[in-house]
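> no sequence for this one, just the structure:
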């Protein structure tokens with residue numbers, strides 16, 4: 001009994017560390033408008049600054065996605081905390097655009113190290129027989145942390161002094177506490193090897209995975225693209241089109257999408273993998289339709305509904321996609337296949353978001369958003385039709 005209690009304590013503490021690190025990746029979201037006023041850059045620049053984060057994540061996934069299996073979880077997570085702290089320092093010291101690029105890149109490196117290693121660590125620290133509960137902790141920590149970032153920054157920017165500094169100072173304090181926790185937690189990798197033995201993992205796609213991978217990858221791409229647009233340009237839309245200048249409100253709207261995704265991912269256990277992927281596609285399509293209505297009629301209520309419905313759809317689709325792809329993969333290639341899926345998903349955060357930024361100049365933010373929605377709706381509809389014709393088997 002004491003061992004179980006100690007195991008769960010360590011599991012929850014590692015989940016808290018996971019949440020704090022992920023919160024840092026979305027912390028600047030409600031602050032981009034303030035940075036635009038300070039440094040005088042365009043909406044395109046906002047989307048590029050945001051997308052630099054995805055490039056950092058993809059780079060780590062391709063080059064060092066398996067590093068924690070080799071050197072241990074704690075060294076990798078401590079390095080991730082170090083990158084997160086360096087990112088916060090860049091934002092604290094920002095005197096120009098270069099600091100923002102550097103901060104976002106470092107944040108991406110941190111998230112890339114944490115995403116796989118922290119998920120595994122949370123599950124490994126749980127007592128025997130607690131895999132399901134530990135999965136809930138890891139999921140809630142990941143998506144809940146992403147949601148808490150804009151909410152924390154928005155509240156501090158709106159109701160506290162030094163809006164461009166205090167959120168990152170608070171985050172640095174939390175990161176220091178997390179580092180102390182990591183030093184106390186035990187290592188879970190028993191056979192550790194030198195860092196020199198780490199080799200880049202090449203993304204791969206065995207023949208037996210290809211039938212399910214296409215639809216899963218499209219759904220993941222669209223879901224992450226929807227989140228990318230929400231976190232990069234929705235504060236600007238709320239301010240310019242809806243006259244919502246309250247940073248706490250804009251942070252809350254973004255946070256709702258991530259919290260709804262957590263609920264969607266947790267629902268997969270009840271819905272089942274076979275149904276979660278097509279249901280997720282339907283949720284994404286409904287979320288995109290609501291966002292189109294919000295852009296067309298300038299309604300805050302539709303923005304909120306889009307965040308909630310699209311978030312649930314993203315959670316269902318992504319966890320369903322991950323489960324289906326992992327289940328269809330041979331054991332010796334599973335990590336490489338999952339890495340490939342994550343690369344596609346994070347490409348969704350960067351490429352479409354930059355496209356919205358490019359189009360916002362000639363046709364405006366609302367027009368660019370509608371073009372984005374049309375493209376994503378076509379993609380997710382294609383995936384949904386494919387899944388209706390060739391459903392994912394529950395045993396995959």
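Thanks, I have the structure now. Because the structure is predicted, anything quoted here is derived from the model rather than measured.

> Output the contacting helices and strands for the lowest-mean-pLDDT helix or strand in the chain.
When the helices and strands of the chain are compared on mean pLDDT, DSSP states H and E, helix 67-71 comes out lowest with a mean of 85. Judged by 3 or more C-beta pairs under 8 Å, 6 or more residues apart in numbering; DSSP states H and E, helix 67-71 is in contact with helix 73-92, helix 97-125. Any C-beta I mention is one placed from the backbone N, CA and C, and that applies to glycine too.

> can you rerun that using 7 Å?
Packed against helix 67-71 by the contact rule (3 or more C-beta pairs under 7 Å, 6 or more residues apart in numbering; DSSP states H and E) you find helix 97-125.

> From residue 303, how far off is residue 22?
Separation of residue 22 from residue 303 (C-beta to C-beta, to the nearest Å) stands at 23 Å.

> likewise residue 186?
Distance check for residue 186 against residue 303: by C-beta to C-beta, it reads 44 Å.

> and what of residue 153?
Applying C-beta to C-beta to residue 153 and residue 303 gives a distance of 19 Å.

> ditto for residue 100
Taking C-beta to C-beta as the measure, residue 100 and residue 303 are separated by 25 Å.

> and the angle for the longest helix seen in the chain with helix 97-125?
When every helix of the chain is counted residue by residue (DSSP state H), the longest turns out to be helix 334-389. Using axes from the mean of the first three to the mean of the last three C-alpha atoms, to 10 degrees, the inter-axis angle of helix 334-389 relative to helix 97-125 is 90 degrees.

> average model confidence for helix 334-389?
What helix 334-389 shows for mean pLDDT is 89.

> Show me what it is packed up against.
Packed against helix 334-389 by the contact rule (3+ C-beta pairs under 7 Å, 6+ apart) you find helix 43-64, helix 210-240, helix 273-297, helix 300-328.

> any chance of those in JSON lines, with distance to residue 90, mean pLDDT and mean neighbour count too?
As requested, the helices and strands packed on helix 334-389 are exported to JSON lines (distance: least, C-beta to C-beta, whole Å; pLDDT from 0 to 100; neighbours: other C-beta atoms under 10 Å):
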{"stretch": "helix 43-64", "distance to residue 90": "12", "mean pLDDT": "90", "mean neighbour count": "22"}
{"stretch": "helix 210-240", "distance to residue 90": "18", "mean pLDDT": "90", "mean neighbour count": "24"}
{"stretch": "helix 273-297", "distance to residue 90": "31", "mean pLDDT": "93", "mean neighbour count": "22"}
{"stretch": "helix 300-328", "distance to residue 90": "28", "mean pLDDT": "91", "mean neighbour count": "24"}
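
> Which one, of these, ends up nearest to residue 147?
Comparison of the helices and strands packed on helix 334-389 against residue 147 by C-beta to C-beta identifies helix 300-328 as nearest, at 9.0 Å.

> tell me the angle of that closest one relative to helix 210-240?
160 degrees.

> what helices or strands is helix 300-328 leaning on?
In terms of contacts (3+ C-beta pairs under 7 Å, 6+ apart), helix 300-328 is packed against helix 210-240, helix 247-271, helix 273-297, helix 334-389.

> what would these look like in a markdown table with distance to residue 137?
What follows is the helices and strands packed on helix 300-328, written out as a markdown table (distance: least, C-beta to C-beta, whole Å):
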| stretch | distance to residue 137 |
| --- | --- |
| helix 210-240 | 21 |
| helix 247-271 | 11 |
| helix 273-297 | 20 |
| helix 334-389 | 20 |
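
> show me what contacts the residue nearest to residue 321 when sequence neighbours are not counted?
Closest residue to residue 321 apart from its sequence neighbours, by C-beta to C-beta, 6 or more residues apart in numbering: residue 216 at 3.6 Å. In this structure, residue 216 makes contact with 277, 321, 324-325, 341, judged by C-beta atoms under 7 Å, 6 or more residues apart in numbering.

> Now with 6 Å, please.
For residue 216, the contacting residues are 321, 324-325, by C-beta atoms under 6 Å, 6 or more residues apart in numbering.

> Switch those residues over to JSON lines; also include distance to residue 54.
Written out in JSON lines, the entries for the contacts of residue 216 read as follows (distance: C-beta to C-beta, whole Å):
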{"residue": "321", "distance to residue 54": "18"}
{"residue": "324", "distance to residue 54": "23"}
{"residue": "325", "distance to residue 54": "20"}
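
> what's the closest of those to residue 75?
If you rank the contacts of residue 216 by distance to residue 75 using C-beta to C-beta, residue 325 comes first, at 28.5 Å.

> measure that closest one to residue 167 for me?
Here the criterion is C-beta to C-beta. By it, residue 325 lies 36 Å from residue 167.

> try residue 305
From residue 305 across to residue 167, the span is 27 Å (C-beta to C-beta).

> cool, and residue 16?
For residue 16 relative to residue 167 (C-beta to C-beta), the value is 18 Å.

> ok, those two, which is more surrounded?
Between residue 16 and residue 167, counting by other C-beta atoms under 10 Å, residue 167 is the more crowded of the two (30 against 18).

> from memory that one sits against residue 153, does it?
Yes - when contacts are counted by C-beta atoms under 6 Å, residue 167 is listed as touching residue 153 (4.2 Å).

> Quickly list what's touching both of those two.
residue 27.

> Run the angle between the longest helix of the chain and helix 273-297 for me.
In this structure, helix 334-389 runs at an angle of 70 degrees to helix 273-297, with the same axes, to 10 degrees as the basis.

> tell me how far helix 334-389 is from the chain's mean position?
Here helix 334-389 shows a centroid-to-chain-centroid distance of 15 Å under the convention C-alpha atoms, centre = their mean, to the nearest Å.

> got the angle between that helix and helix 43-64?
When the same axes, to 10 degrees is applied, the directions of helix 334-389 and helix 43-64 differ by 120 degrees.

> Tell me the spacing between residue 210 and residue 337.
Remark: distance between residue 210 and residue 337 (C-beta to C-beta) = 10 Å.

> what's the answer for residue 291, then?
In this view, residue 291 and residue 337 are 31 Å apart by C-beta to C-beta.

> now do residue 270
From residue 270 over to residue 337 the distance is 26 Å, taken as C-beta to C-beta.

> more crowded one of the two?
Neighbour totals were compared for residue 270 and residue 337, and residue 337 leads with 20 against 8 (other C-beta under 10 Å).
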